[in-house]
Each structure stands twice: as C-alpha cells, then as structure tokens.
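Asker: Sharing a model prediction with you, sequence too.
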Amino acid sequence: MASQGVNVLRYSALFAGVFYGFYHQSSLNSQAKNDKIDQEYKRKLALIEQAKAAYAKKNAPPTPKSETGVITDPEDKRFDLEAFINFKFAEMGE
C-alpha cells in the first residue's frame with residue numbers, strides 16, 4: 001500500500017496540472033481574442049483608407065483637357081471613346 005506522502009505528492013501533482021491547464025487555456029483564449037480584435041481593427045482601417053481614396057477620386061478636380069479638348073483619362077466619367085480614337089488618329093496622321 002502507498003504511503004500517505006506518496007498520495008499527497010500524487011494529488012498535489014494532479015491539482016497542479018489541472019490548475020496549469022486552466023491557466024494555460026485561459027491565456028490562449030485571451031491571446032486569440034486579442035488577435036481577433038486586432039484583425040478586425042486592421043480590417044476597419046483598410047476600409048477607411050479605401051473609402052478615403054474613393055472619396056478623393058470622386059471629388060477630385062476635373063481632369064485637364066488636352067489642347068484639343070479631348071479627355072484622355074478613361075476613368076473619367078466624361079470620357080468619350082470616339083473623340084479619343086479620332087484624336088489618336090489625328091495625332092498619327094501628323
């Protein structure tokens with residue numbers, strides 16, 4: 001039969017292991033929670049930067065027209081493909 005000292009050591013080791021397991025699990029959970037919060041914060045920052053860029057593009061001053069009055073920026077909402085093609089053909093003919 002095991003002595004009382006050995007039983008005390010066994011149960012002490014068992015309770016120490018259980019305590020360490022709970023402590024370690026809680027630290028892992030809090031780390032995962034903080035990582036998730038950081039990831040969400042970075043996602044929101046990226047969305048804000050994207051919105052700022054879209055707002056700046058939308059409210060940018062009008063693009064300057066070339067000397068002939070043809071808008072050459074295809075992203076401009078006033079871009080006219082036919083006028084641009086005619087302008088390029090006229091340039092090539094010179």
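Answerer: Structure received.
Asker: Please parse the chain into its domains.
Answerer: Per the record, the chain has its domains at 1-60, 62-94, by automatic domain parsing.
Asker: And the lowest mean pLDDT element among the helices and strands of this structure?
Answerer: When each helix and strand of the chain is scored by mean pLDDT, DSSP states H and E, helix 81-93 comes last, with a mean of 84.
Asker: circling back: least reliable of the domains of the chain going by mean pLDDT?
Answerer: Mean pLDDT values for those show the minimum at domain 62-94, a mean of 76.
Asker: Next, report how far that one is displaced from the centre of its chain.
Answerer: With CA atoms, centre = their mean, to the nearest Å as the basis, domain 62-94 stands 36 Å off its chain's centre.
Asker: Can you mark which positions in it are buried?
Answerer: In terms of neighbour count (16 or more other CB atoms under 10 Å), domain 62-94 has its buried residues at 70, 71, 84, 87. C-beta: built from backbone N, CA, C; applies to glycine.
Asker: which one of these sits closest to residue 48?
Answerer: Nearest to residue 48, judged by CB to CB, of the buried residues of domain 62-94 is residue 71 at 30.2 Å.
Asker: Specify the helix with the largest residue count in this structure.
Answerer: The longest helix of the chain (DSSP state H) is helix 4-58.
Asker: I'd like the distance from the residue nearest in space to the middle of the chain to residue 16, if you could.
Answerer: The structure's the chain has its C-alpha centroid closest to residue 43; by CA atoms, centre = their mean the separation is 4.0 Å. The gap separating residue 43 from residue 16 is 41 Å, by CB to CB, to the nearest Å.
Asker: and if you look at residue 28?
Answerer: Distance of residue 28 to residue 16, given as CB to CB: 18 Å.
Asker: Likewise for residue 55?
Answerer: Counting by CB to CB, the gap from residue 55 to residue 16 is 58 Å.
Asker: Now do the contacts for residue 2.
Answerer: The contact partners of residue 2, by CB atoms under 8 Å, 6 or more residues apart in numbering, come to residue 10.
Asker: which SS class is it?
Answerer: Here residue 2 is coil, with the state taken from DSSP: H, G, I helix; E, B strand; the rest coil.
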